[in-house]
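Peer 1: predicted model and sequence follow; I will ask about them next.
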Amino acid sequence: QPSLQQQIEELRKTLRHHEYLYHVLDTPEIPDSEYDRLFHQLKALENSHPEFITADSPTQRVGAKPLTSFSQIKHEIPMLSLDNVFNDDEFMAFVKRIQDRLPFSTENLTFCCEPKLDGLAVSILYENGKLVRAATRGDGQTGEDITANVRTIRNIPLQLLTDNPPARLEVRGEIFMPHQAFENLNEMALAKGEKTFANPRNAAAGSLRQLDPKVTRQRHLMLNAYGIGIAEGVLLPDTHYDRLQWLHSMGIPVNKEIELCGGIEQVLKFYRNIQEKRPHLGYDIDGTVLKVNDIALQEKLGFISKAPRWAIAYKFPAQEELTV
Ligand SMILES: Cc1ccc(Cn2cc(C(N)=O)ccc2=O)c(C)c1
């Protein structure tokens, strides 16, 4: 007969596993009702033995009480913005700037190509695999502490799914509100005579700036990771794509459209392919992000003043104003 603590730990492990299958891999193996039953079984055990409750338990996503204000966080590694291009010629000029600085021909230079989600950039810090702090990008140097709100986002694990987590790992990504959640939110707001949001990006920003995490929790936000900041006590893979796969294997959600493109032609093909998919992705994007995949080359190429020389945001032409 397993001890009470073993029952609790076993339930937590099971719930984390199913959260990962459902929210990160989109391949649930049990019905929602079964997940709900297990969740309430854990809740009951913890309520009758509060001394066993830990912050990383799946039941601890919503903080106790609302905050009165947000404190500031200084980013140990600045969160920089990207330079933009708006047409093939400008993109080719970006590639030329890279070619001029690399000895070999960049015909077969590999790029990691990603959709550029239109949400809010955030930094999420895990210490020994546990989510300890989350912050907005802010001005790139300093952001707001939104830890309590980020903990309510269902596809963000409170604990990394690995037996030997890094001492410290900072995950960087975009928090966004899918179209369906946005439409439901505005419909509810209209019905309650409350203000509606102009677009999903504003709705996501407004939902993260809530002082009460219970409000944030109802907003169905999601994270897609796009990079790593601080990494201590771990040897990271030496390409950007492999780093994203590594994050994904530990339960961090990564966008499924991300692809490796060998050479410029494939990159431009990716850009047009995402542009075609754009109307039915189910979330807002405003272009693509194209990064030199090899980390050593990224470091060799460095940054121009504030933006990296090794990455570019290739944006779409401004969408005709959405008619609501
Ligand atoms: C009542 C209820 C419980 C859970 C969920 C969503 N969900 C499902 C699973 C699952 N099936 O493995 C895992 C985590 C999770 O968050 C919904 C929508 C409704």
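Peer 2: All right, it came through fine.
Peer 1: for this structure, which element, helix or strand, carries the lowest mean pLDDT?
Peer 2: Of all helical and strand segments in the chain, the minimum by mean pLDDT, DSSP states H and E falls on strand 303-304, at a mean of 82.
Peer 1: I'd like the next helix or strand past that strand.
Peer 2: Using DSSP states H and E, the helix or strand that follows strand 303-304 in sequence is strand 307-308.
Peer 1: partner strands of that following strand, parallel or antiparallel?
Peer 2: Strand 307-308 has the following sheet partners, assigned by DSSP bridges: strand 303-304 (antiparallel).
Peer 1: still on that earlier bit, contact partners of the least confident helix or strand of the chain?
Peer 2: Strand 303-304 is touched from outside by Leu80, Asp83, Arg309, with contacts defined as CB atoms under 8 Å, 6 or more residues apart in numbering. From N, CA and C alone the C-beta is placed, and that goes for glycine too.
Peer 1: got a quick ChimeraX command for the buried subset of those?
Peer 2: The following ChimeraX command selects only the buried members of these, with burial defined by 16 or more other CB atoms under 10 Å:
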select :83,309
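Peer 1: tell me the contacts of Val171?
Peer 2: Ser123, Ile124, Leu125, Tyr126, Ala225, Gly227, Ile228, Gly229, Leu247, Ile252.
Peer 1: that one bridge partners, please.
Peer 2: Beta-bridge pairing of Val171 under DSSP bridges involves Ile124, Ile228.
Peer 1: burial of the residue of the stretch 201-324 of the chain found nearest the ligand, as a residue count?
Peer 2: As assessed by CB to the nearest ligand atom, the ligand sits closest to His220 within the stretch 201-324 of the chain, at 10.0 Å. Counted with other CB atoms under 10 Å, residues neighbouring His220 total 18.
Peer 1: which residue ranges of the stretch 101-250 of the chain form strands?
Peer 2: For the stretch 101-250 of the chain, the strands defined by DSSP state E, counting those that start in this stretch occupy 110-117, 120-127, 130-136, 142-144, 168-176, 222-232.
Peer 1: which among the ones you listed is found nearest to the ligand?
Peer 2: strand 222-232 (12.0 Å).
Peer 1: model confidence over the closest one, on average?
Peer 2: Averaging pLDDT along strand 222-232 yields 98.
Peer 1: still on that earlier bit, export the strands of the stretch 101-250 of the chain to JSON lines and tack on distance to the ligand?
Peer 2: Putting those into JSON lines (distance: least, CB to the nearest ligand atom, whole Å) gives the following:
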{"stretch": "strand 110-117", "distance to the ligand": "21"}
{"stretch": "strand 120-127", "distance to the ligand": "19"}
{"stretch": "strand 130-136", "distance to the ligand": "17"}
{"stretch": "strand 142-144", "distance to the ligand": "27"}
{"stretch": "strand 168-176", "distance to the ligand": "17"}
{"stretch": "strand 222-232", "distance to the ligand": "12"}
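Peer 1: Arg278 is nearest to which of these?
Peer 2: strand 110-117 (8.3 Å; CB to CB).
Peer 1: residues in contact with that closest one?
Peer 2: Contacts for strand 110-117 (CB under 8 Å, 6+ apart): 174, 176, 224, 226, 239-241, 244, 255, 257-262, 267, 270-271, 274, 281, 283-294, 313, 315.
Peer 1: what parts of this structure come near the ligand?
Peer 2: Applying CB under 6 Å from any ligand atom, one finds that the chain approaches the ligand through His18, Glu19, Leu21, Tyr22, Pro28, Ile30, Pro31, Asp32, Tyr35, Asp36, Arg154.
Peer 1: among those, name the ones in helices.
Peer 2: In helices, defined here by DSSP state H, the members of the residues of the chain next to the ligand are His18, Glu19, Asp32, Tyr35, Asp36.
Peer 1: only whichever of those are buried, select them in PyMOL.
Peer 2: Only the buried entries of these go into this PyMOL selection, using 16+ other CB under 10 Å:
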select buried, resi 18+19+35
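Peer 1: and the residue of the stretch 201-324 of the chain closest to the ligand, how far is that from Met188?
Peer 2: For His220, the distance to Met188 equals 12 Å [CB to CB, to the nearest Å].
Peer 1: do the same with Asn273
Peer 2: Computed as CB to CB, the Asn273 to Met188 distance reads 35 Å.
Peer 1: cool, Asn108 as well?
Peer 2: Counting by CB to CB, the gap from Asn108 to Met188 is 51 Å.
Peer 1: in the protein, what residue spans correspond to helices?
Peer 2: 4-19, 32-48, 88-99, 147-150, 179-191, 200-208, 213-217, 240-249, 264-277, 295-301.
Peer 1: how about low-confidence regions in the stretch 201-324 of the chain?
Peer 2: For the stretch 201-324 of the chain, the stretches with pLDDT under 70 are 306, 320-324.
Peer 1: anything in contact with each of His220 and Met188?
Peer 2: Contacts common to His220 and Met188, judged by CB under 8 Å, 6+ apart, are absent.
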